[in-house]
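Enquirer: okay, sequence plus prediction incoming.
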Amino acid sequence: VKQKKAGTAFEVRGTGPLSARTFAIGDEDHTIGNSLRHVLMQNQRINFAAYSVPHPSEPIVHIRVQTVKKATAEDEKVDDSNTVNYPAIMALRDASLTLIDQCDFVLEKLEECIPAVKEDSLKMDKIYEQQRQYADDQEMADDAVDGDGDEEDDDDIDHY
């Protein structure tokens, strides 16, 4: 079943204190939602983390993050970078970086055990690079047709 593309790549939703936000991530599903929720909940500075997929036919996941309002006295003694408020956007960023590191570690160990996985990874990297180059070439061709290279008057721009 072919699924439509999300209208939004990434959107921050919510007002009020920076310690509580909902993030809408397009073209993602339960896999990234549950993985990020799990990593977020391992952080002591997170009060609440959850995700939802509003509808199976919509390619978007919502991740809700609420952080603690104050750092503990122990945290302040150990690390001066802890501020009174830990913004939800920073919590999501930190969780994303942790998840990337975890995935890289697992892939590295898998490649050590099964050499064919490394070969497949190299092939996929090459294909990804070719696709990226093709997309860059298409963008340059579109700019050349436009004539001025100014994207403001392009009708086919994706707005996020």
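Expert: Perfect, thanks for sending it.

Enquirer: ok, which stretches of this protein are helices?
Expert: Using DSSP state H, the helices of the chain run over 30-41, 73-78, 88-113, 115-146.

Enquirer: of all these, which lies closest to Ala20?
Expert: Ranking the helices of the chain by their distance to Ala20 (criterion: C-beta to C-beta) puts helix 88-113 first, at 5.9 Å. Glycine gets a C-beta too; all of them are placed from N, C-alpha and C.

Enquirer: out of the helices of the chain, flag the one nearest Gln66.
Expert: Going by C-beta to C-beta, the one of those nearest Gln66 is helix 88-113, 6.8 Å.

Enquirer: if you average pLDDT over that closest one, what comes out?
Expert: Averaging the model's pLDDT scores along helix 88-113 yields 95.

Enquirer: counting neighbours, which bits of stretch 35-48 end up buried?
Expert: Ser35, Leu36, Arg37, Val39, Leu40, Asn43, Arg45, Ile46 (16 or more other C-beta atoms under 10 Å).

Enquirer: same thing with stretch 122-129?
Expert: Applying a neighbour-count criterion of 16+ other C-beta under 10 Å, one finds nothing buried in stretch 122-129.

Enquirer: many thanks, I have nothing further to ask.
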